[in-house]
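Q: With the sequence up front, the predicted model follows.
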Amino acid sequence: MRRFTVVPALWLVTLVPAAAADKFTSETGKFSASFPKDKQPMESAKEVDTTAGKIKLTIHAAEVKKDLAFIVIWNDYPEATAKEEPQDVLSRVRDGAKGPDGKVLEDKVVALDPNKVPGRDFLLDKGDNHFFRSRTYLAGTRLYQVIVSSTKKDDVTSKDAEGFLDSFEIAK
């Protein structure tokens, strides 16, 4: 069985403005999330090489303030992923995001209502003043990563960050 991990490399992508909205909806990604009213999510796509071949990441990101970003990344895995235990896949995503020098500060199993989509909510200290909070969900073969990234731990655990993470919904 092939094992692979998708890890966002946001500093390597070129962002293009998406429509300004409080509640952002991606028709192709089949999700919605509430970005700050005065910030436009930017959209980009990037292909990454994995042991299962190339996977296209679609990234929606908004710089909320200096050194703080709200991000949703989605991608489709090969069909073989649907046969794996979802928490095993999500653990590998967490570990890939952590990298070799990062630390997992918090990690818990979650589910996204109403369909109980398997997920993980984790907080990482990636080192060099980079904190990363993610709620990651696996809906069949589609991976969603809902991320708050900042140089300050307080930013990724704030009420605003929680509101963004809580706003995420998968379309029916």
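A: Ah, there it is.
Q: Quick one: the strands in the chain, in order.
A: 16-17, 23-26, 31-34, 42-50, 53-65, 68-76, 103-112, 117-125, 131-139, 142-150, 169-170 (DSSP state E).
Q: Next, the angle strand 68-76 makes with the fifth one.
A: I take that to be strand 53-65. 160 degrees (axes from the mean of the first three to the mean of the last three Cα atoms, to 10 degrees).
Q: any idea how far Phe132 lies from Thr28?
A: Counting by Cβ to Cβ, to the nearest Å, the gap between Phe132 and Thr28 amounts to 25 Å. Heads up, the C-betas are built off the backbone N, CA and C, glycines and all.
Q: So for these two, which sits in the more crowded spot?
A: Phe132 (22 against 8; other Cβ atoms under 10 Å).
Q: Contacts only, for the residue nearest to the more buried one when sequence neighbours are not counted.
A: With Cβ to Cβ, 6 or more residues apart in numbering as the criterion, Phe132 has its nearest non-adjacent residue at 4.3 Å, and that residue is Leu124. Residues near Leu124 by Cβ atoms under 8 Å, 6 or more residues apart in numbering: Arg94, Ala97, Lys98, Gly102, Lys103, Val104, Leu105, Phe131, Phe132, Arg133, Ser134.
Q: List buried members of the residues you listed by neighbour count.
A: Among the contacts of Leu124, those classed as buried by neighbour count (16 or more other Cβ atoms under 10 Å) are Arg94, Ala97, Lys98, Gly102, Leu105, Phe131, Phe132, Arg133, Ser134.
Q: gap between the residue most central in space within the chain and Arg135?
A: Centroid-nearest residue in the chain, with Cα atoms, centre = their mean: Gln145, separated by 1.9 Å. Gln145 sits 8 Å away from Arg135, going by Cβ to Cβ.
Q: Equivalent analysis for Lys46, please.
A: Taking Cβ to Cβ as the measure, Lys46 and Arg135 are separated by 21 Å.
Q: Next: Ala111.
A: Distance of Ala111 to Arg135, given as Cβ to Cβ: 11 Å.
Q: any common contacting residues for the two?
A: Listed as contacting both Ala111 and Arg135 by Cβ under 8 Å, 6+ apart are Gly119.
Q: What residues does the closest residue to Arg120 other than its chain neighbours make contact with?
A: Spatial nearest neighbour of Arg120, excluding adjacent residues (Cβ to Cβ, 6+ apart): Leu90 at 4.5 Å. Leu90 sits next to Pro118, Gly119, Arg120, Thr136, Tyr137, Leu138 when contact means Cβ under 8 Å, 6+ apart.
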